[in-house]
Structure formats: C-alpha cells, structure tokens
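Peer 1: fold the following, please.
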Amino acid sequence: MSEEAIIDFAEQFDPQPIHTDERFAATGPFNGLIASGWHSAGLAMRLFADHYLSRVASLASPGVDEVRWQVPLRPGDSVRLRTTIVEARLSRSKDDRGMVVTLAELFNQNDQLPIRFRVMNILGRRPRS
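Peer 2: Just a heads-up that it's a prediction; the model follows:
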C-alpha cells in the first residue's frame with residue numbers, strides 16, 4: 001500500500017484529511033495517514049474477485065453484511081485475503097443455483113485485520129441428475 005495510492009483514492013472518493021493530508025493526519029487519532037476504509041474494501045474485493053470467485057459459476061451478490069474496520073491500513077502495509085465459507089445452501093426456488101456466504105478477512109503484514117465482512121454470492125450449479 002503506497003502513500004500515493006492512499007491519497008489518490010481518498011481525493012477521488014473519501015476526501016477526509018486523515019486520508020489526504022499527512023500533517024493533519026499526524027495530529028489525529030491514528031497518528032498518521034491512513035487509507036479510507038472503502039479503499040480497504042476495494043482492495044479486499046479485488047483479491048476476492050481475482051482469487052476466490054468462480055468466473056464460471058458466480059452469478060451475482062445480493063449483499064455484504066457485517067463490514068468491520070478493525071485497524072487502519074497504512075502506507076507501506078502489505079495485505080493478504082483469507083476466505084472462509086460459513087454457509088452454503090441450495091436455492092429453494094431455482095434448482096440451477098445456490099447461495100454461499102463467505103467471511104472475507106483482509107490481513108496486513110502483522111496479521112491484523114484492516115477489514116472483514118461477510119459476502120453472499122449466488123452461484124450456478126449443475127442440475128440434479
């Protein structure tokens with residue numbers, strides 16, 4: 001995570017001074033510049049889409065629950081995503097799909113959690129034989 005990326009994202013989408021102004025951020029509650037929580041969400045979603053979602057079976061998502069920002073994402077941090085399936089069920093109304101609920105956790109290099117959330121995905125499935 002670069003300082004430039006943090007500031008660029010914030011200037012476009014979340015222009016609070018704790019994300020855009022180093023001097024101001026140094027006097028704030030986090031003692032320095034931090035990424036927007038929405039930037040953390042975007043990073044997590046990119047990893048989720050690139051490394052977890054099926055390009056063949058993923059149909060849509062009806063939503064995300066329990067979004068939590070636990071520690072700030074800072075310049076110089078590196079991140080990794082862990083996914084855990086917490087629920088899987090067949091659709092009651094359409095036999096060609098099901099629902100998977102996944103806990104997505106974005107960790108930094110110190111194994112702290114800048115963001116975690118539960119995402120619901122509708123997935124296509126093979127017909128019953």
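
Peer 1: quick check: residue 82 vs residue 108, distance?
Peer 2: Per CB to CB, to the nearest Å, residue 82 is found 12 Å from residue 108. (Glycine included, C-beta is placed from N, CA and C.)

Peer 1: if you could redo that for residue 4, that was the one I meant.
Peer 2: 18 Å.

Peer 1: show me which of the two is the more surrounded one.
Peer 2: residue 108 (19 against 9; other CB atoms under 10 Å).

Peer 1: helix, strand or coil for residue 5?
Peer 2: Here residue 5 is helix, with the state taken from DSSP: H, G, I helix; E, B strand; the rest coil.

Peer 1: try residue 101
Peer 2: Applying three-state DSSP: residue 101 is strand.

Peer 1: ok, the closest residue to it other than its chain neighbours to residue 97 distance?
Peer 2: Nearest non-adjacent residue to residue 101, counting by CB to CB, 6 or more residues apart in numbering: residue 87, 4.0 Å away. Distance of residue 87 to residue 97, computed by CB to CB: 15 Å.

Peer 1: so who does the nearest residue to residue 91 once chain neighbours are set aside touch?
Peer 2: Spatial nearest neighbour of residue 91, excluding adjacent residues (CB to CB, 6+ apart): residue 97 at 4.9 Å. Applying CB atoms under 8 Å, 6 or more residues apart in numbering, we find residue 97 in contact with 59, 91, 122, 123, 124, 125.

Peer 1: and residue 25, how far from residue 124?
Peer 2: On the measure of CB to CB, residue 25 and residue 124 end up 45 Å apart.

Peer 1: now do residue 6
Peer 2: In terms of CB to CB, residue 6 sits 37 Å off from residue 124.

Peer 1: got the contact list for the top helix by length along the chain?
Peer 2: Determined from DSSP state H, the single longest helix within the chain is helix 37-51. Helix 37-51 is contacted from outside by 1, 5-6, 9-10, 13-14, 19, 67, 69, 73, 79-81, 83, 104, 106, 114-115, 117, 119, using CB under 8 Å, 6+ apart.

Peer 1: narrow those residues to those in strands?
Peer 2: If you go by DSSP state E, the contacts of helix 37-51 have 67, 79, 80, 81, 83, 104, 106, 115, 117, 119 in strands.
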